[in-house]
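Asks: The sequence isn't on hand, but the structure is:
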């Protein structure tokens, strides 16, 4: 069992007393470790755990039919799960894959008002049409949503056994703008290269740690992608039957398969022409949104200006798409890409890969993705808010100038920007408003920006 930060979020929900007012709803992509983490938390914090998996134990759905009465529901559950015990004040009920049982979700309000049991629910498809119906069965005001993601870089370091002393040292260097000692710098660069290849899917990380074989890692990653493809186009109809829109499934596959080509060309925006000669946005908009709601991609929007609020200046029709797990993205590229990343010998995909991992890191910290591109050639990889102003984030996989960043920082008449984070194959340095950082410090940048 890997150490996961979701445990801290659940502990805060329980220890603050919020558990008596709202159920914890853990949302996230399939296979990221929701069930394992929730079970571990429950066993460590409650005397008694009742666990229901609505995908595996479909008969448990019947317990929630009819009028919502807590005693009747718990009695029915014990009929389906004879080992289940309901001890008031000492029990947490885990409703796994709750999107499979709308009536169970509807019952959350009654359970919270009853007050005898705490509730945690998990869901992998709650953002998809039909699984998250706003018109009925959603207990508004009785859910505390906790977003879970694949393992971040710090969780990856924990999994690899990197000491907290080293992690704290890196944090101190970041906050103090001090260079990292060469031996530690070299080791951390290697860890980050591995993270770029492996990503944060727990089964893949486990395979990597056990086998230390990138061919086995790639096979595990591609198996996961095939499992995700099985969900493409899935939704609930008006009668809450699970169906697949085959036409939508085709569009989703086209969009998904185009991601490497879209990013390898370092396009300034997502190009529908890559999908087919006469492709139009209105045809594929639903497919792109499906992938975003599912949690497999992140969208970064172009800004019309660098003024705050950034969200008010985005162009919804001009965006880039990144994979939500860079390891999965790498598995979609040529087999030799893993070796190229680990040796620093990247050519074609270097910009795409390192932009993707930074987008992934920012998103995991709740930082919305924006970029800035003008027809004049001025382009900034990512834009965020820092100290009540826009700041720049430039990604350089090896070396490279920051001409666009220098232009923005030097033009005080048109841009109220004072800081640029430059991430790449560097140590720590600061000059003329540009904070140069090793790419393994990207999570610390993201954390700093998320606290704004």
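Replies: Done, it's in. Because the structure is a prediction, the values reported are computed rather than measured.
Asks: I figured residue 280 hits residue 271, correct?
Replies: No. Contact criterion CB atoms under 8 Å: residue 280 and residue 271 do not qualify, at 11.9 Å. Yep, even glycine has a C-beta here, placed from its N, CA and C like the rest.
Asks: now for the lengthiest strand in the chain, which elements pack on it?
Replies: Counting residues, the longest strand found in the chain (DSSP state E) is strand 314-323. Packing contacts for strand 314-323, counted by 3 or more CB pairs under 8 Å, 6 or more residues apart in numbering; DSSP states H and E, involve helix 246-264, helix 281-294, strand 297-303, helix 350-364.
Asks: Residues contacting that strand, please?
Replies: Under the criterion CB atoms under 8 Å, 6 or more residues apart in numbering, residues 255, 259, 262-263, 267, 269-270, 281, 288, 291, 296-304, 329, 332, 355-356, 359-360, 369-371 lie in contact with strand 314-323.
Asks: Is it possible to get CSV of the helices and strands packed on strand 314-323 that adds distance to residue 26 and mean pLDDT?
Replies: Listed next are the helices and strands packed on strand 314-323 as CSV, based on distance: least, CB to CB, whole Å; pLDDT from 0 to 100:
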stretch, distance to residue 26, mean pLDDT
helix 246-264, 24, 93
helix 281-294, 16, 93
strand 297-303, 19, 97
helix 350-364, 15, 92
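Asks: Between the ones you listed, which one is closest to residue 163.
Replies: Of all the helices and strands packed on strand 314-323, helix 350-364 sits nearest to residue 163, with 21.6 Å by CB to CB.
Asks: Let me know the next secondary structure element after the closest one.
Replies: strand 370-373 (DSSP states H and E).
Asks: Partner strands of the helix or strand of the chain with the lowest mean pLDDT and their direction?
Replies: In the chain, no helix or strand scores lower on mean pLDDT, DSSP states H and E than strand 234-236, which sits at a mean of 81. Counting by DSSP bridges, the strands paired with strand 234-236 are strand 242-244 (antiparallel).
Asks: Need the residues that contact the partner strand.
Replies: Under CB under 8 Å, 6+ apart, the answer for strand 242-244 is 232, 233, 234, 235, 236, 237.
Asks: Would you check how far apart the residue most central in space within the chain and residue 22 are?
Replies: Nearest to the mean C-alpha position of the chain, by CA atoms, centre = their mean, lies residue 149 at 4.0 Å. Distance from residue 149 to residue 22, counting by CB to CB, to the nearest Å: 21 Å.
Asks: Just the pLDDT for residue 371.
Replies: At residue 371, the model reports a pLDDT of 96.
Asks: was I right about it contacting residue 390?
Replies: No. Using CB under 8 Å, residue 371 makes no contact with residue 390, being 11.7 Å away.
Asks: Looking at these two, which has the bigger crowd around it?
Replies: The residue with more neighbours, out of residue 371 and residue 390, is residue 390; 26 against 23, by other CB atoms under 10 Å.
Asks: In terms of helices and strands, where is that one?
Replies: Secondary structure assigned from DSSP H and E places residue 390 in strand 389-396.
Asks: And that strand, what does it pack against?
Replies: helix 350-364, strand 379-380, strand 382-386, helix 403-410, strand 417-424.
Asks: okay if I get these as JSON lines plus mean neighbour count and distance to residue 42?
Replies: Output for the helices and strands packed on strand 389-396, formatted as JSON lines (neighbours: other CB atoms under 10 Å; distance: least, CB to CB, whole Å):
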{"stretch": "helix 350-364", "mean neighbour count": "24", "distance to residue 42": "24"}
{"stretch": "strand 379-380", "mean neighbour count": "20", "distance to residue 42": "44"}
{"stretch": "strand 382-386", "mean neighbour count": "21", "distance to residue 42": "36"}
{"stretch": "helix 403-410", "mean neighbour count": "17", "distance to residue 42": "47"}
{"stretch": "strand 417-424", "mean neighbour count": "21", "distance to residue 42": "38"}
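Asks: could you dump those to TSV with distance to residue 163?
Replies: Shown next, in TSV, are the helices and strands packed on strand 389-396 (distance: least, CB to CB, whole Å):
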stretch	distance to residue 163
helix 350-364	22
strand 379-380	36
strand 382-386	30
helix 403-410	35
strand 417-424	24
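Asks: Relative to residue 181, which of those is closest?
Replies: strand 417-424 (18.9 Å).
Asks: Figure out how far that closest one is from the centre of its chain.
Replies: 23 Å (CA atoms, centre = their mean, to the nearest Å).
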